[in-house]
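> take a look and give me a structure for this.
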Amino acid sequence: MIKGFGILEMLIALSLGLGVLTVIIAHSTEAARVDKKITGNQERLEAIFHAVDTIKSDLNKCGMRLQEARQMCGLAPFASAAGSFSCSYGIADELLLEGAARGQQAIRVAGNDFFKKGKAVLIYDLAGQAWELNEIEYRLDGALVLKNRLQHDFVRNSTVIALKKVDYRYYPSQRTLKRKADGGNFQPLLEEVSDFYVTFFPDANSVLYRIEVNKKEQVRGYIFLLNLV
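Next comes the predicted model:
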């Protein structure tokens, strides 16, 4: 006759089952923790790489299209302070299609999508040693209507450059490095930043920067500002 399990056998089997289940749960929990840590590390590294690529891209463009005008205008495309720096460069350039007189508020240039409302522009005539900074109020029938009236006369074929300025600023209390383009607002570029500094070497036209994340990972970069040479 086949007998069923006794109470003792059932308790032993239940204990073994619970033990196996505990081991499985513990293993799964540890695996999930390790996987979460690995995923977190990967995301942090990707964020660091993205921040570094963005900084390098902006610094490599610093002073672009401003080489000719910079000597006449005395513009400084790069500036830095404690925990921050800014750089400017031209994103497009066109020639005046016709001369523009002092007091005029509209200038004619070839159609270009980079010349749009709110964009800062540099207008200069190298031969006449005339230049000024202005801003586009709006476009109208192929002309750029400026925010301010011209302060100088500009001959035909004077150069008009659409400018872009980017600012980087470290917020220690928020442990965040932020970036701002033109007149926009500062947006987070990299979080969990425990230190950030940048040093400009004018004699070598180069920039040294360091980013420290969580007081652990450190990224250093040394970039020559080729457009300032």
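> residue 115 and residue 94 touch, don't they?
Yes: the pair residue 115 / residue 94 is scored as a contact, 7.1 Å apart, by Cβ atoms under 8 Å. C-beta here means a position set from N, CA and C on the backbone, and glycine is covered the same way.
> what is in contact with those two at once?
Common contact partners of residue 115 and residue 94 (Cβ atoms under 8 Å, 6 or more residues apart in numbering): 109, 160.
> what about the strands in this structure?
78-81, 84-95, 106-108, 120-125, 130-140, 143-146, 159-171, 176-181, 187-191, 193-201, 206-213, 217-224 (DSSP state E).
> can you redo those strands as CSV with distance to residue 69, mean pLDDT and mean neighbour count?
Formatted as CSV, the strands of the chain follow (distance: least, Cβ to Cβ, whole Å; pLDDT from 0 to 100; neighbours: other Cβ atoms under 10 Å):
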stretch, distance to residue 69, mean pLDDT, mean neighbour count
strand 78-81, 15, 94, 14
strand 84-95, 9, 96, 20
strand 106-108, 16, 95, 19
strand 120-125, 5, 96, 22
strand 130-140, 6, 94, 16
strand 143-146, 17, 94, 19
strand 159-171, 7, 96, 20
strand 176-181, 21, 96, 18
strand 187-191, 29, 95, 16
strand 193-201, 21, 94, 17
strand 206-213, 21, 94, 18
strand 217-224, 21, 91, 13
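> and these: which comes nearest residue 49?
Of all the strands of the chain, strand 217-224 sits nearest to residue 49, with 8.8 Å by Cβ to Cβ.
> what strands line up against that closest one, and which way round?
strand 206-213 (antiparallel) (DSSP bridges).
> next one: the partner strand to chain centre, how far?
Centroid separation for strand 206-213 versus its chain: 14 Å, with Cα atoms, centre = their mean, to the nearest Å.
> hmm, who's touching it?
Taking Cβ under 8 Å, 6+ apart as the rule, strand 206-213 contacts 44, 48, 51-52, 55, 59, 78, 80, 85, 177, 190, 192-201, 218-225.
> swap the cut-off to 6 Å and go again
59, 192-200, 218-224 (Cβ atoms under 6 Å, 6 or more residues apart in numbering).
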